[in-house]
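# attaching a predicted model along with its sequence, questions to come.
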Amino acid sequence: MATQSRAQLEALMGIASPGLVYGFHAPDPGAADLDWVYSESLVRIAHNVSNPEGFTEFVLDSGTETVTASRDTYAYVHGTTGVLTFVAVTNGADKPVIGGSGTSDIVDNSLFLAKCVSDATDITSITDLRQFTGNIQTHAIPVGFETADLGVHKWVPRVHARVIGLDSRVINALAAANAGTVIPYTIDMGGTATEVTNATISHAASADPGVRDLEISDGFFYINEMDEIDLESAKETVGGCCMVTVVLEIL
């Protein structure tokens, strides 16, 4: 019978603790090379070992890491700086130890995210090491870039939550010439709209189905049970559609 860690149980109960809130999607590579592509992410780092309930949040940018050939590369969030960091060890070697004293070990409060295995020329596998925190709920909404679809897409999630960001995939190819954007807003019962900053989706002109854009806000934006979320879409040359997933942390 499978068992759950304390962190997993706390996440299900909506208790905030150190760990990964959302993101760092790093699927197995489709191309034969050593480039490890990963998405944006939001993490919580403990202040110190003796105070695990205190934490600081960091938004980590998406990017690509070219890993060392014929090595096991571990991605982790540095426990002091909150910086995404990579350490390579010999294929099959022991996993680095958090707070250990070995040459490849890493500092206290660090968080492992994934392990990437490579041979002489390619990445051969990626192992998920993420430990999640918080109670995440997602709502998927189709947002179009046709003339009749541009502008407001409102709905009421009917939860008390924090808006983490948007996670979008193209489902119908976008028209050429310019990008399509989706800007999220919260709207309270008084009608006041507040933009969820740094969470704007932008799909490039002619983006094909399957293209993804994950954007995580750098601020704290909350909704109550009767508040609305508004997704404002815009595109100069109309055409295309994406499925936008609103990521919420239930409080």
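Looks like it came in fine.
# switch to C-alpha atoms for all contacts and neighbour counts from now on
Noted.
# contacts for stretch 203-222?
Around stretch 203-222, the neighbours that count as contacts under CA atoms under 8 Å, 6 or more residues apart in numbering are 39-42, 59, 160-181, 186, 196-202.
# among the residues you listed, which are located in helices?
Among those, no residue falls in helices (DSSP state H).
# give me the subset of those residues lying in strands.
41-42, 59, 161-172, 180-181, 186, 201-202 (DSSP state E).
# mark which of the contacts of stretch 203-222 are buried, thanks.
By neighbour count, with 16 or more other CA atoms under 10 Å, the contacts of stretch 203-222 hold 39-42, 59, 160-176, 178-181, 186, 196-197, 199-202 as buried.
# list the contacts for residue 161?
222, 223, 224, 248, 249, 250, 251.
# so which of the residues you listed comes closest to residue 108?
Distance to residue 108, by CA to CA, is smallest for residue 249 among the contacts of residue 161, at 26.3 Å.
# host element of that closest one?
If you go by DSSP states H and E, residue 249 is part of strand 241-250.
# list of residues touching that strand?
With CA under 8 Å, 6+ apart as the test, strand 241-250 has contacts from 14, 134-146, 159-174.
# mind checking how far residue 239 is from residue 172?
Distance of residue 239 to residue 172, given as CA to CA, to the nearest Å: 8 Å.
# picking up where we left off before, centre of the chain to the strand holding residue 249, how far?
11 Å (CA atoms, centre = their mean, to the nearest Å).
# and for stretch 216-223?
With CA atoms, centre = their mean as the basis, stretch 216-223 stands 13 Å off its chain's centre.
# could you dump the contacts of residue 161 to a markdown table with distance to residue 233 and neighbour count?
Below are the contacts of residue 161 laid out as a markdown table (distance: CA to CA, whole Å; neighbours: other CA atoms under 10 Å):
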| residue | distance to residue 233 | neighbour count |
| --- | --- | --- |
| 222 | 21 | 19 |
| 223 | 21 | 23 |
| 224 | 23 | 18 |
| 248 | 20 | 25 |
| 249 | 23 | 23 |
| 250 | 25 | 21 |
| 251 | 28 | 17 |
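# which SS state does residue 148 fall under?
helix (DSSP: H, G, I helix; E, B strand; the rest coil).
# residues contacting it?
By CA under 8 Å, 6+ apart, residue 148 lies in contact with nothing.
# one step back: ok, of the contacts of residue 161, which one's closest to residue 33?
Nearest to residue 33, judged by CA to CA, of the contacts of residue 161 is residue 248 at 34.9 Å.
# mind checking how far that closest one is from residue 141?
According to CA to CA, residue 248 stands 14 Å off from residue 141.
# the strand holding residue 249 vs strand 161-172, what angle?
Strand 241-250 runs at 160 degrees relative to strand 161-172, counting by axes from the mean of the first three to the mean of the last three CA atoms, to 10 degrees.
# neighbouring strands of strand 241-250 in the sheet, and parallel or not?
Strand 241-250 has its sheet partners listed here by DSSP bridges as strand 136-144 (antiparallel), strand 161-172 (antiparallel).
# average pLDDT for the first one?
Confidence for strand 136-144, expressed as mean pLDDT, is 94.
# next one: residue 223 from residue 57, what distance?
From residue 223 across to residue 57, the span is 20 Å (CA to CA).
# then residue 39?
17 Å.
# low-confidence ranges in this protein?
1-16, 30-31, 48-53 (pLDDT under 70).
# domains of it?
In terms of domains, the chain is parsed into 6-128, 136-250 (source: automatic domain parsing).
# let me know which of those domains is tucked in deepest.
Of all these, domain 136-250 has the most neighbours on average by mean count of other CA atoms under 10 Å, namely a mean of 19.
# end-to-end on it?
6 Å.
# tell me what the residue lying closest to residue 83 once chain neighbours are set aside is bridged to.
With CA to CA, 6 or more residues apart in numbering as the measure, residue 77 is the residue that lies nearest to residue 83, at 5.5 Å, once sequence neighbours are left out. In this entry, residue 77 is beta-bridged to residue 84, residue 111, by DSSP bridges.
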